[in-house]
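**Q** generate a structure from the sequence data that follows.
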Amino acid sequence: MALPTHILLMYGYLLLFAWVLVEQLGVPLPATPVLLAAGALSAEGQISFPLALLAGMTAALAADSCWFLIGRRYGHHVLRILCKLSLEPTTCVRRTQDSFGRRRGVMLMFAKFIPGLGILAPPVAGENGMNYGAFLLYDGIGGALWTGVLLACGRCFGDLLKRDPNVLAWVGRFSGALLALGILGFFFGRLYRRRAVLKRLAAARLEPEELKRLLDAGEPVYIVDLRHPLELLPDPFTLPGALHLSPDDLTIRAQEIPRDRDIVLYCTCPSEATAAKTAMTLHKLGIDRVRPLRGGFDEWKRLGFPLDPVAPALTTIQPAEQAS
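**A** Numbering: from 1, shown residues only. Below is the predicted model of the structure:
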C-alpha cells in the first residue's frame, strides 16, 4: 500500500477522482488499492473520509453517465464489444439483461460489486430507455456504496495499524504471494473454460448461407431465437419461422424439440456465446442435431437475408419495468 499512499499524499482527491474515473471507463487500472489506501489514510486524519467518498462517487457517476449515453446511442453493439473484452463472455450479455429486466434499480445499486457486471449495467440502462433521472439516482447510490465500502475497509485496516504496527509486516509477508496465486488461478481457470467453449462452438456452428439454402429448398429446420426481449425493442425482426424462447424455456421444453431435423440457435452475443452454451445444454439432454448460427442475427441481417416482423407481444415491456 506504500505506493498508492505516497501518491495520494502528493496529489490528494484529484488523483482519487481521476483513478476511479479511468477504471470505471474501462481501463484496466484497478482503483481498489487507491480507495483502500485513502481509507487507511483517513484513519490517520491525513485524508478526509467524506471528501474521499465524494470524489470516488462523483468519478464513478461521471464514467457511468458516459456509458449510459453511449448505450442509448449505439445499443447492443456496445455490449458486444465490451463482452468480447470479458474473460468469460458466455453469460455476459444475457446475465446483464436478465438482471436489468427483473430489477433494474437494484442491479444498478449493486452492479459494481459483481465482476463483469459493473461496466455493462450503464450501457444496458441506456439501450433500454431508462429515464436518466432514475439512472442518476440508482447509479449514484451504487457508486456511493461501492466507494464507501472500500474506503471503510481501508479505514478499518488503518485503525488496526494504529493499534498494532506489526500487522503491516505480517500482511506484507503473506498477502503478496496469496494475491498473485489467486489472480493467476482465476485468470487461467476462466481462460481454459472460454477456450473449451469456443472450440466446441467452432466445430458445430452453421453458416448463414447454408441455412438460407436449407430454407430455400424447403428443408424442415427448427430455428430458435435466443435473444433477450429487450434486444427486440430496437430491432423487432426475427429469422423466417423462428421461435422466440429463452435458453431456460428451451431447456424446459426439450421434449417438444424434434429430433429428426437440425435445431438452429442464434443470438446477438459475442462469438454466439449464448447459442453455444444452450447447444451444449441440449446435447446433454440427448438432442444431437443442434447448431449455433455463425454471426447470429447480426450476420444474417448484414447479408440481406429475409426477416419476419416480431409479434408485438414480444416487444412489449411491462409498465412496472419502464417506471424504474
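
**Q** make it CA atoms for all contacts and neighbour counts henceforth
**A** Noted.

**Q** strands along the stretch 201-324 of the chain, start to end?
**A** Listed in chain order, the strands found in the stretch 201-324 of the chain under DSSP state E, counting those that start in this stretch are 221-225, 237-238, 243-244, 262-266, 290-292, 308-309.

**Q** what's the mean pLDDT across stretch 143-153?
**A** Averaged over stretch 143-153, pLDDT sits at 93.

**Q** which of the strands of the stretch 201-324 of the chain sits most buried?
**A** Neighbour counts (mean count of other CA atoms under 10 Å) averaged over each of the strands of the stretch 201-324 of the chain peak at strand 290-292, with a mean of 26.

**Q** that strand pairs with which strands, and in what direction?
**A** Each strand paired with strand 290-292, and its direction, by DSSP bridges: strand 262-266 (parallel).

**Q** quick one on the thing from earlier: redo the strands of the stretch 201-324 of the chain as JSON lines? Include mean pLDDT.
**A** Conversion of the strands of the stretch 201-324 of the chain to JSON lines gives the following (pLDDT from 0 to 100):
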{"stretch": "strand 221-225", "mean pLDDT": "94"}
{"stretch": "strand 237-238", "mean pLDDT": "92"}
{"stretch": "strand 243-244", "mean pLDDT": "92"}
{"stretch": "strand 262-266", "mean pLDDT": "92"}
{"stretch": "strand 290-292", "mean pLDDT": "89"}
{"stretch": "strand 308-309", "mean pLDDT": "92"}
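
**Q** turn the ones you listed into TSV, including distance to Glu44.
**A** As requested, the strands of the stretch 201-324 of the chain are exported to TSV (distance: least, CA to CA, whole Å):
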stretch	distance to Glu44
strand 221-225	58
strand 237-238	60
strand 243-244	59
strand 262-266	56
strand 290-292	58
strand 308-309	64
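
**Q** quick one: which of those is nearest Glu127?
**A** Among the strands of the stretch 201-324 of the chain, the nearest to Glu127 by CA to CA is strand 237-238 (17.2 Å).

**Q** what packs against the closest one?
**A** Other elements packing on strand 237-238 under the criterion 3 or more CA pairs under 8 Å, 6 or more residues apart in numbering; DSSP states H and E are strand 308-309.

**Q** on that earlier part again, closest to Phe68 out of the strands of the stretch 201-324 of the chain?
**A** strand 237-238 (24.7 Å).

**Q** distance from the chain centre to that closest one, please.
**A** 24 Å (CA atoms, centre = their mean, to the nearest Å).

**Q** and the contacts of that strand?
**A** Contacts of strand 237-238 with the rest of the structure, by CA atoms under 8 Å, 6 or more residues apart in numbering, involve Asp225, Phe297, Leu307, Asp308, Pro309, Val310.

**Q** show me where pLDDT drops low in the stretch 51-200 of the chain?
**A** For the stretch 51-200 of the chain, the stretches flagged by pLDDT under 70 are 76, 79-102, 115-116, 158-183, 185-187, 189-190, 193-194, 196-198, 200.

**Q** could you pull out the helices for it?
**A** For the stretch 51-200 of the chain, the helices defined by DSSP state H, counting those that start in this stretch cover 76-84, 92-110, 121-127, 132-163, 166-204.

**Q** re the thing from before, can you tell me which of the contacts of strand 237-238 is nearest Pro236?
**A** Checking the contacts of strand 237-238 against Pro236 with CA to CA, the nearest one is Val310 at 5.3 Å.

**Q** circling back: looking at the contacts of strand 237-238, which is nearest Ala254?
**A** Ranked by distance to Ala254 (CA to CA), the contacts of strand 237-238 are led by Asp225 at 15.0 Å.

**Q** ok, and the closest non-adjacent residue to the closest one?
**A** His244 (4.6 Å; CA to CA, 6 or more residues apart in numbering).

**Q** what's the burial count for the residue lying closest to Phe110 once chain neighbours are set aside?
**A** Using CA to CA, 6+ apart and skipping residues adjacent in sequence, the residue nearest Phe110 is Gly142, 5.7 Å away. Gly142 has 25 neighbouring residues, counting by other CA atoms under 10 Å.
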